[in-house]
Each structure stands twice: as structure tokens, then as C-alpha cells.
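Enquirer: A structural model of the following input is requested.
(2 chains)
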Amino acid sequence: MTKNIDKDLLIRYSKGKYSYNDLKKIRECFSSFKYDLGRYLYPRWESILTENSAPKNLHHIYKNIHYDILVKESNQKKSRKLFHRITQIAAVLLIAILFSGLGYLLSKSDFQNKDQFAWVEINAPLGSRVEFFLPDSSRGWLNSGSKLKYSPNFIDNRLVNLTGEGYFEVKHFDNSKFRVSVPDMNIDVLGTKFNVSAYHEDDFTEVVLEKGKVEITGKTGNFNQILKPNEKISFNHQERKVLLSEVNPQKSSAWKEGMLVIDNEPLGTALNRIERWYNISIVIENENLKEYRFKATFIDEPLEEVLKLIAKTTPIKYKIDDRVISENGVVNKRKVTIKLK
Amino acid sequence: MKNNNDQLLVMKLRKNDHESFKLLFEKYSSPLYNFAFSYLKSNSAAEDIVQEVFIKIWEKRSTLISDSNLKAYIFKIALNAMRKQFLKLSKDTEAKHDILFDISNDKNSFDDNNDYDFLLSKLNELIEQMPEKRKLVFIKKKLEEKSIKEIATELDLSPKTVEYHVTEAMKFLKNKFEKLNFKGLIFFYLFIKK
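Expert: All right, here's what the predicted structure looks like:
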């Protein structure tokens, strides 16, 4: 048996003319399935669809949903690539075996002193991202234009030097610290996952902790901070200021999945990242544009498309210059000029 | 915007096309928000509806039939989501009614007073105007219905201070609503109860 609904009340209520007793009746209609609410409300839904009311800005909701979709899709791709990954790991292992054989031969020879070995260096060329594995089975990713160095006796002394941006998944060993050293701080960790960004052309060094615990010490002894999960420490080396904040750690390490996430970031720092990401050079003509904040997520998009989208959501216009060949025959980077619209 | 447009979008959506998902969002999100808001009377609840409906559309994209009626499909998911939201909001609605009833002068006719929507939005507005700490204490006490003791430990305040904030907040509301009664509502009564 379906009960009757007071149609006038439904309309009155939706337009904001109702008493508390009316509200109670409406709640009853919505919470009980005895009323055939759908039949009464569908015409209203249809009429709202044809109305030309001012659109409500719901872009932030779209962004949320779209971001989740992208993350899910990249996870699915990852599992599909698992077989591919296994063959890759096998190849890496083979190389490792070859190297350790080589190491054995070398240690047998005159190179007894380990310090005479050069440091091991991993490079991520501009415009690329590189996954790396360390001898203690820690692993991570290096972002475009970054470099990671470690000494041959890494197993005894887990120290790596980083310039640029890296994401680390550090293997936990009792009583063995792992240290990431960047120009202005040391990051001491036990087992944990975190992202470090220390490009020398940026004004700041940032560490975002996803899991575990890290201790951060300024190299000039100016600060010492224990970081908890979801926290970000940002050290501005011009103003010598330390800033601590809550963040979503997935967003700061999304680059390792090939995603360029700009989350309410000033245009100036976002364009620095885009410069590295696409290996181009960007000139911003209006200084005050650098402070304009915006949000965007890009995945596998060509440069032109990215600039087009940014120009849609921010007050900029842009010009891409063709590559020029300099006198000594070197092809220069593409140059992008950004102006106020 | 015609329905065959929807058919095309749904066809592409089934092939994981992000652009058509965006177009569907642009087309339906705003009307959906307005529809949900007109019954839920809460911005955050209406936004939740929009989010829930579009997540579902994406998740179910492979089962969508391109020649089915998309706007009816959206309506169906939205209505179910709105039913759930009504239940979630009911505690909040009751708590707000208690506050308004408490500070009303005319308790006999209060529940039949037709400007309840206006009173509710005024209440929300005034809560927002309270100083940050007072607002927090007030919301915990009156809307989340926590005890003085609980709030005191949560916010690291003495029970006396918590009580003080609640009393002051209620005084503030009563005062503001009394002023409204003189100015606005008399006109309102005449207008509605003609």
C-alpha cells in the first residue's frame, strides 16, 4: 500500500515556505518507502533540468572524483604490468649478479681500499622519471633532473645524497639508520615512505611523510623536527624559515605514477615543475602572476595541452617558440613565454 | 541539449573516456545540486549527493546502456542518496529545533510557524558569527550533544569555562532573535498568515 503525499507541501517545502511540522512530514516521506516519492519528485527534477538557473560552481567536486579515478586507473595499470615488472626485476637481478661477480674480481685484485671506488650515481635525465633499487632492498623513484649518490660501503653506512626530488621506500633494519642528505638538511629514518624535494632552483626544500617516522635536522643546526605521517616540512632557504603543515602525501608523490598534480600551488612554483617535467624553459613576464594559485591534475598530457588547460583556469596567455639551433650546433630547449591575459 | 547527445556521451564513457565524463558532470551537476538542496536544505549534504551520484556513474559506466534514459538513471541514484542523507541529518535537525524552540517567545504556535526555513538559516548564520572557541563549544554541546565533561577534556578547558561559553552563546542567539522578532518577523507574519 502506498500512502498519499501532500503534493502542495512538497512544492512549498522545496521553495522554502514550511513549518517545523511540515519538515517532520517531509522527513517521514523520505525515510519511509510507503510513499511513492519518485513519482512526485521526477517532474520536479525534469523541470529543474530545463530551468536556466545560474550554474553552481562544483568544480572542486569534479576535481576530487577525477583525482580518485586517475589514482584507481594507475593502480589497475600497475597490477596489469606486474608480469612485465617481474621480468624487469629478473633483468635487474641478473645485472646485480654480474656486478657482484665483477666486484668480487675487483676485490681480489689490487683495489682493496673501498674508498677508492667511485660513488654510485643514479640519474634521472630532465623530462624523465626513474625507479631505483638500493643494495639494502630499499627502493624509490627519482623525478626529472634529479641525482642520487651513495658510497660503495652503503650496506655499513646507509647514506644517500640527493639533489632534486625523490620518493623513498626505506627497508627497516633494527639499529640501522638510513640517512638522506640534501644541501640544507639531513633526513634520518627507520623504515618508512616519504617524498623529498630539494631542487637547487627552488626556494624551498620539502619533505612529506607518508608512513613511519623521520627526523629532520638542519645542516647549520638551525632546526630539528620529528615528522609524523601526513605532515610536510618546508624549509625556505632564502627566508631561513621552517613551516610545518598537514597534507595529503599521495598528492606530493603522484609524480612517480606519471601524474603532475598541482594542488593550490602558486603559478611560479608550478611552472618550475612543468619546466623540469617537459625539459623546457619558461619565462614569466609579469612578476605578480607567480603568486596566482590554482589546482590541476595532468596525466600523460602533451605540453601544448597542459598550457592550454592552465590558460583556461588562470589569467594567462602563452607563446611557444620553436627550437633554435645555436652557433655551435646545439639545439636549444623549447621556450615558453607566459603573460598576463 | 538533447538526449541523443547523452547517448553519444554514454557510449564514449563505456570506453573509459574522461572527457565525456567531464561533459556529463558539467551538464548535470548543477541541476542535481539544486534539486538535492531544495529538499535537504544543506550545502554540504547537497554536495555529497553530487559526489555520490557521479562516483556511481563512473563505477557503473560499463553497465550503462547507451539508449537508456540517463536523466532517469541519475534521478534514481540521487533519490536513494537523498533518503540516506535525510536520516543522517535528522539528529542535526532535531538539535536545531530544540535550540530554536528554546529561544522562541511564542512556544504554542512555534511548530506551525511557516517561516521555519528562515529561522533555520538565520540560526546557521549566527552560529557562524560566534567567536571560534565559543562556536566549537556550542556545536559540541548543542548539535553533537556531548556532555560538559567530555567537551572540557576534549578541548582542554575547565567545565566552568565550557558552561560559560554555552550560556553566552545561548544569550547571544536569544538576543539576536528577539531583535528580529521586532523588525522582520512581524512583517513576515502579516504577509504569510493573510
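
Enquirer: What ranges in the chain fall below the confidence cut-off?
Expert: Chain wasn't specified; assuming chain A. A:1-2, A:77-117, A:221 (pLDDT under 70).

Enquirer: let's do chain B instead
Expert: For chain B, applying pLDDT under 70 flags the ranges B:1-4, B:67, B:182-194.

Enquirer: List the residues that contact the most centrally placed residue in it.
Expert: Central residue of chain B (C-alpha atoms, centre = their mean): B:S42, 1.6 Å from the mean position. By C-beta atoms under 8 Å, 6 or more residues apart in numbering or on different chains, the contact set of B:S42 is B:L89. For glycine as for every other residue, the C-beta is placed from the backbone atoms N, C-alpha and C.

Enquirer: Could you measure from it over to chain A?
Expert: 13 Å (C-beta to the nearest C-beta, to the nearest Å).

Enquirer: any idea how far that residue is from B:F172?
Expert: In this view, B:S42 and B:F172 are 23 Å apart by C-beta to C-beta, to the nearest Å.

Enquirer: for B:L70, same thing?
Expert: For B:L70, the distance to B:F172 - C-beta to C-beta - is 48 Å.

Enquirer: Could you please name the strands the host helix or strand of A:F194 pairs with and the direction of each pair?
Expert: Per DSSP states H and E: A:F194 is located in strand A:192-198. Partners of strand A:192-198 in the sheet, by DSSP bridges, are strand A:158-170 (antiparallel), strand A:204-211 (antiparallel).

Enquirer: Which positions within the last one qualify as buried?
Expert: In other words, strand A:204-211. For strand A:204-211, a neighbour-count test (16 or more other C-beta atoms under 10 Å in any protein chain shown) marks A:F204, A:T205, A:E206, A:V207, A:V208, A:L209, A:E210 as buried.

Enquirer: Distance from the following helix or strand past that strand to the middle of the chain?
Expert: Tracing the chain C-terminally past strand A:204-211 and defining elements by DSSP H and E, one meets strand A:214-218 next. Relative to its chain's centre, strand A:214-218 lies at 21 Å (C-alpha atoms, centre = their mean, to the nearest Å).

Enquirer: Now do the next helix or strand after strand A:214-218: which elements does it pack against?
Expert: As assigned by DSSP H and E, the chain's next helix or strand after strand A:214-218 is strand A:224-227. Using 3 or more C-beta pairs under 8 Å, 6 or more residues apart in numbering or on different chains; DSSP states H and E as the contact test, the elements touching strand A:224-227 are strand A:214-218.

Enquirer: helices and strands around the strand it packs on, which ones?
Expert: By 3+ C-beta pairs under 8 Å, 6+ apart, strand A:214-218 packs against strand A:185-189, strand A:224-227.

Enquirer: how about the helices of the chain, start to end?
Expert: You didn't pick a chain, so chain A it is. Assigned helices in chain A, in chain order: A:7-14, A:20-31, A:37-50, A:59-80, A:82-108, A:249-252, A:267-278, A:303-313 (criterion: DSSP state H).

Enquirer: ah, no, chain B please
Expert: Under DSSP H, chain B gives helices at B:3-13, B:18-40, B:43-59, B:70-103, B:116-129, B:132-138, B:148-155, B:159-180, B:186-192.

Enquirer: Let me know the angle separating the longest one from helix B:43-59.
Expert: Orientation of helix B:70-103 against helix B:43-59 (axes from the mean of the first three to the mean of the last three C-alpha atoms, to 10 degrees) gives an angle of 160 degrees.

Enquirer: One more: the fifth one?
Expert: With the same axes, to 10 degrees as the basis, helix B:116-129 and helix B:43-59 are set at 100 degrees to each other.

Enquirer: From the chain's centroid, how far away is helix B:116-129?
Expert: Computed by C-alpha atoms, centre = their mean, the separation of helix B:116-129 from the middle of its chain amounts to 12 Å.

Enquirer: between that helix and helix B:159-180, how many degrees?
Expert: Using the same axes, to 10 degrees, helix B:116-129 lies at 130 degrees relative to helix B:159-180.

Enquirer: and helix B:116-129 with chain A, contact?
Expert: Yes - Helix B:116-129 reaches chain A (C-beta under 8 Å from any C-beta of the partner chain) through B:Y116, B:D117, B:F118.

Enquirer: Check which helices and strands that helix sits against.
Expert: Helices and strands touching helix B:116-129, as assessed by 3+ C-beta pairs under 8 Å, 6+ apart, comprise helix A:20-31, helix B:70-103, helix B:132-138, helix B:159-180.

Enquirer: out of those helices, which comes closest to A:Q238?
Expert: helix B:132-138 (32.6 Å; C-beta to C-beta).

Enquirer: Spell out which parts of chain A neighbour chain B.
Expert: Counting by C-beta under 8 Å from any C-beta, chain A sits next to chain B at A:13-23, A:26-27, A:30-31, A:37-38, A:41-42, A:44-46, A:48-49, A:51, A:53, A:55-56, A:58, A:61-62, A:64-66, A:68-69, A:73.

Enquirer: Filter the residues you listed down to the buried ones.
Expert: A:13-14, A:17-20, A:22-23, A:26-27, A:30, A:37, A:41, A:44-45, A:48-49, A:56, A:58, A:61-62, A:65-66, A:69.

Enquirer: Pull the number of nearby residues for the residue of the stretch 201-341 of chain A found nearest chain B.
Expert: Using C-beta to the nearest C-beta, the closest approach of the stretch 201-341 of chain A to chain B is made by A:I299 at 9.1 Å. A:I299: 15 surrounding residues under other C-beta atoms under 10 Å in any protein chain shown.

Enquirer: Might you report the residue contacts of it?
Expert: A:L70, A:S74, A:G258, A:M259, A:L260.

Enquirer: Report whether the expected contact of the second one with A:W255 is present.
Expert: The reference is to A:S74. No - look at A:S74 against A:W255 with C-beta atoms under 8 Å: they stay out of range, at 11.6 Å.

Enquirer: Of these two, which one has the most company?
Expert: A:W255 (21 against 15).

Enquirer: quick one: the more buried one and A:S128 touch, right?
Expert: No - look at A:W255 against A:S128 with C-beta under 8 Å: they stay out of range, at 11.3 Å.

Enquirer: Next up, the contacts around the closest residue to A:K63 other than its chain neighbours.
Expert: Using C-beta to C-beta, 6 or more residues apart in numbering or on different chains and skipping the chain neighbours, the partner closest in space to A:K63 is A:K295 (6.1 Å). Applying C-beta under 8 Å, 6+ apart to A:K295 gives the contacts A:K63, A:I262, A:D263, A:N264, A:E265.

Enquirer: got it, and A:I48?
Expert: B:P31, B:N34, B:F35, B:S38.

Enquirer: what sits against the second one?
Expert: Put plainly, it is B:N34. With C-beta under 8 Å, 6+ apart as the criterion, the residues that contact B:N34 are A:I48, A:E51, A:S53, A:K56.

Enquirer: could you dump those residues to JSON lines with distance to B:D102?
Expert: Formatted as JSON lines, those follow (distance: C-beta to C-beta, whole Å):
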{"residue": "A:I48", "distance to B:D102": "36"}
{"residue": "A:E51", "distance to B:D102": "38"}
{"residue": "A:S53", "distance to B:D102": "36"}
{"residue": "A:K56", "distance to B:D102": "33"}
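
Enquirer: any idea how far the residue in the stretch 51-200 of chain A that chain B sits nearest to lies from A:N230?
Expert: Nearest residue of the stretch 51-200 of chain A to chain B: A:P55, at 4.3 Å (C-beta to the nearest C-beta). Computed as C-beta to C-beta, the A:P55 to A:N230 distance reads 34 Å.

Enquirer: just A:L41 next, same as before
Expert: Distance of A:L41 to A:N230, given as C-beta to C-beta: 41 Å.

Enquirer: before we move on, what about B:D102?
Expert: Counting by C-beta to C-beta, the gap from B:D102 to A:N230 is 40 Å.

Enquirer: Looking at these two, which is more packed in?
Expert: More crowded of B:D102 and A:N230, by other C-beta under 10 Å: A:N230, with 15 against 12.
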